[in-house]
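Participant: Make a model of this:
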Amino acid sequence: MQRRLFPCLIALSLLLLAMTVQAAGLSRAQRAKLAQAQEAYVAAVRWSDFEAAEGFIDPAYWQEHPLSDLQRERYRQVQVSGYRERSSGVGADGMIERRIEMKVVNRNTQAERTVMVNERWRWDAEGKRWWQAQGLPDLWQGQ
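Facilitator: Numbers count the residues shown, from 1 in each chain. Just a heads-up that it's a prediction; the model follows:
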């Protein structure tokens, strides 16, 4: 019974996500570009390639929150061992919001921990692309 239920739950969650994004008034091209941007961003983060992930962050965010050399070095000291979307939806401001559970291993101590991070995706009509407007994931919450 459980083996049948799991694929149904996955299909239902994908359907709900598609309906949520469609309800936001996004065109088919915008939805496709969102999926492509999120997949590429997830791949970069999942492989702990935070330099590549920086290319998906909104330039306006970088102007207000530049990374220091110390922060960059901290990202080099971690390995992402898990990345799982827990929820998604459309924010009041029209941005696509996702709640992500990440598992992170400290390369020095080999200690793994779980953190919850938020992503906010903004459509750039002029550039015809999506930007992740929340910055790189905060992997040191409460530390």
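Participant: what comes up buried for the strand or helix carrying residue 130?
Facilitator: Assessed by DSSP states H and E, residue 130 sits inside strand 129-132. Buried residues in strand 129-132, counted by 16 or more other C-beta atoms under 10 Å: 130-132. C-beta: built from backbone N, CA, C; applies to glycine.
Participant: out of those residues, which one sits closest to residue 108?
Facilitator: residue 132 (27.5 Å; C-beta to C-beta).
Participant: residue contacts, the closest one?
Facilitator: Contact partners of residue 132, counting by C-beta atoms under 8 Å, 6 or more residues apart in numbering, are 37, 41, 56-58, 119-122.
Participant: any idea which helix or strand of this structure has the worst average confidence?
Facilitator: helix 2-23 (a mean of 51; mean pLDDT, DSSP states H and E).
Participant: which one is residue 122 nearest to, not counting chain neighbours?
Facilitator: Among residues not flanking residue 122 along the chain, residue 133 sits closest, at 4.4 Å (C-beta to C-beta, 6 or more residues apart in numbering).
Participant: oh sorry, the question was meant for residue 137
Facilitator: Spatially, and ignoring its direct neighbours in sequence, residue 137 is nearest to residue 117 (4.0 Å; C-beta to C-beta, 6+ apart).
Participant: Beta-bridge partners for that neighbour, please?
Facilitator: For residue 117, the beta-bridge assignment (DSSP bridges) gives partners residue 100.
Participant: and it, how many neighbours does it have?
Facilitator: Neighbourhood size, residue 117 [other C-beta atoms under 10 Å]: 19.
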